[in-house]
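Student: What follows is a predicted protein model with its sequence.
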Amino acid sequence: MNKIIQPEEINNKELMDYYGYKGFLGVIRLYWFFLRDYILYMLAYHGPHSGMTVVFNRLRGVKIGKHVYIGPRVFIDGAYPHLVTIEDYVSLGMDTIIYAHSNPTCSLELKQNYYPRNVAPTTIKKGAWITPKCIIMAGITIGENAVVGTGSVVTKDVKPYNVVAGNPAKIIKILTK
């Protein structure tokens, strides 16, 4: 009799393979990673000062440059925080979400036939301004000194000095000197 593979098993295997963990000790290491990350994330999420938020996110593995502002309640990917890079002089508005992966966790049909796990680095370049409540999808690069308007969903790269807004985000202005 064939064993039916459950989505949770696939997800755990994908994570174990990505991080190079094997066996029972690997499972313990993976769960420890997520517990540690969750604690640091909660400290960052509820931090009373942007400087503390930056420190806790760096401890999670997020690459963060100098003079970065991270507003209240910003979420940076929980499974792959080390794939997010935020360069110098970036400002992230409150309630922004930044992903480095997407994964239809529970639907085997979607996962196996249409939308496999996507893991890709996400980069916000020097001087970019991400206004409040934006969503930046996995694998996106926000260009130098670009601006993302409030509530935007960024599904494609944003070129330097472009102002984008909307769902999905589209160019509304190009900044010129």
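Tutor: Sure, I can see it. Numbers count the residues shown, from 1 in each chain.

Student: any idea how far Gly127 is from Pro7?
Tutor: 41 Å (CB to CB, to the nearest Å). C-beta coordinates here come from the backbone N, C-alpha and C atoms, glycine included.

Student: That should have said Thr155, apologies.
Tutor: Applying CB to CB to Thr155 and Pro7 gives a distance of 24 Å.

Student: Which one's more surrounded, those two?
Tutor: Counted by other CB atoms under 10 Å, Thr155 and Pro7 do not tie: Pro7 has more neighbours, with 17 against 14.

Student: which residues touch stretch 11-27?
Tutor: Stretch 11-27 is contacted by residues 29-30, 33, 79-80, 103, 105, 117, 119 when judged by CB atoms under 8 Å, 6 or more residues apart in numbering.

Student: just the buried members of those residues?
Tutor: Buried residues within these, counting neighbours by 16 or more other CB atoms under 10 Å: 29-30, 79-80, 103, 117, 119.

Student: Just put the residues you listed in a markdown table and tack on pLDDT.
Tutor: Converted to a markdown table, the buried ones among the contacts of stretch 11-27 look like this (pLDDT from 0 to 100):
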| residue | pLDDT |
| --- | --- |
| Arg29 | 96 |
| Leu30 | 95 |
| Ala79 | 93 |
| Tyr80 | 96 |
| Asn103 | 88 |
| Arg117 | 88 |
| Val119 | 95 |
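
Student: In strands, which of these fall?
Tutor: Val119 (DSSP state E).

Student: now, which of the buried ones among the contacts of stretch 11-27 sits nearest Lys63?
Tutor: The nearest member of those to Lys63, counting by CB to CB, is Tyr80 at 12.0 Å.

Student: What residues does the closest one make contact with?
Tutor: 18, 100-101, 119.

Student: Which residue, other than its chain neighbours, is closest to it?
Tutor: Leaving aside its chain neighbours, Tyr80 sits nearest to Ala100 (4.2 Å; criterion: CB to CB, 6 or more residues apart in numbering).

Student: longest helix of this structure?
Tutor: helix 23-45 (DSSP state H).

Student: Beyond that one, next helix or strand please.
Tutor: helix 50-60 (DSSP states H and E).

Student: Okay, buried residues for that next one please.
Tutor: 50, 53-60.

Student: Stretch 99-119 too?
Tutor: Result for stretch 99-119 [16+ other CB under 10 Å]: buried residues 99-104, 111, 117, 119.

Student: What is the end-to-end distance of that stretch?
Tutor: 9 Å (CA to CA, to the nearest Å).

Student: Thanks a lot, see you next time.
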